[in-house]
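Asker: give me a model of this one.
(chains A and B)
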Amino acid sequence: DTAVSQTPKYLVTQMGNDKSIKCEQNLGHDTMYWYKQDSKKFLKIMFSYNNKELIINETVPNRFSPKSPDKAHLNLHINSLELGDSAVYFCASSPAEKGGTYGYTFGSGTRLTVV
Amino acid sequence: AQSVTQPDIHITVSEGASLELRCNYSYGATPYLFWYVQSPGQGLQLLLKYFSGDTLVQGIKGFEAEFKRSQSSFNLRKPSVHWSDAAEYFCAVGSSNTGKLIFGQGTTLQVKP
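Answerer: Numbering: from 1, shown residues only, chains lettered A, B, ... in the order given. Okay, here's the model as predicted:
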């Protein structure tokens, strides 16, 4: 039973399209995150939600919009996709808002390729 | 600002040899430190973490790490490497204020037979 699951695992799409990535956790955690891993494997936080409330919003283009319908789900919608959006997107969760003190549980990632 | 540096981008060791992966951090208060491993095509798995107390922490898969405040380091070690340990290793520091995990740039471990 997967703790943090993301769908889809792979996503290939054309420039200009709009796409969504879904994430669900069954750990009962309060906080969820989106990270972006670029081609050099550098991991950068994008957003964080605590119990459906946005608490971290890094400098990300406003084409990226997260949505959390409940504390177990965090989706990422991307409008007008660009070549530079190609990356692996990881969802993660932590027990509480101060996730930096607990550590995160990560999903297996969504590899987005924009052509 | 918080930051993590992993000086070694790529390390190759022979199977059965010992391993040490370096990590240096910058953080104003007592750091929360983590090591994660990422196998090809997989997500990140937590190997171990340090919050306080004993500076030598044990993790899964036979890994350990030692926190040295004077050197701002949290190096990962394993006495005998197995071929299955080949992966990307990330050191991270966690903020008690923001809740963020800040990652280093990662070290790619290659294991020679």
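
Asker: lowest mean pLDDT among the helices and strands of chain A, which one is it?
Answerer: Among the helices and strands of chain A, helix A:99-102 carries the lowest confidence by mean pLDDT, DSSP states H and E, at a mean of 78.

Asker: at which residues are the strands of the chain located?
Answerer: You didn't pick a chain, so chain A it is. For chain A, strands defined by DSSP state E occupy the ranges A:4-7, A:10-13, A:19-25, A:31-37, A:43-50, A:53-57, A:64-70, A:73-78, A:87-94, A:105-106, A:110-114.

Asker: ah, no, chain B please
Answerer: For chain B, the strands identified by DSSP E occupy B:3-5, B:10-14, B:19-21, B:24-26, B:32-38, B:44-50, B:56-58, B:64-68, B:73-78, B:87-94, B:101-103, B:107-112, in order along the chain.

Asker: nearest to chain A within chain B, name that residue for me.
Answerer: When distances are taken as Cβ to the nearest Cβ, chain B reaches nearest to chain A at residue B:94, 3.0 Å away. All C-beta spots, glycine's among them, are computed from the backbone N, C-alpha and C.

Asker: surely that residue touches residue A:99?
Answerer: Yes. At 7.3 Å, residue B:94 and residue A:99 qualify as touching, with contact defined as Cβ atoms under 8 Å.

Asker: contacting residues around the spatially most central residue of chain A?
Answerer: Most central in chain A under Cα atoms, centre = their mean is residue A:34, positioned 2.9 Å from the mean C-alpha point. For residue A:34, the contacting residues are A:23, A:45-48, A:66, A:74, A:76, A:89-92, by Cβ atoms under 8 Å, 6 or more residues apart in numbering or on different chains.

Asker: so which bits of chain B are right by chain A?
Answerer: Selection of chain B residues close to chain A by Cβ under 8 Å from any Cβ of the partner chain yields B:32, B:34, B:36, B:38, B:41-46, B:49, B:51, B:88, B:90, B:93-96, B:98-103, B:105-106.
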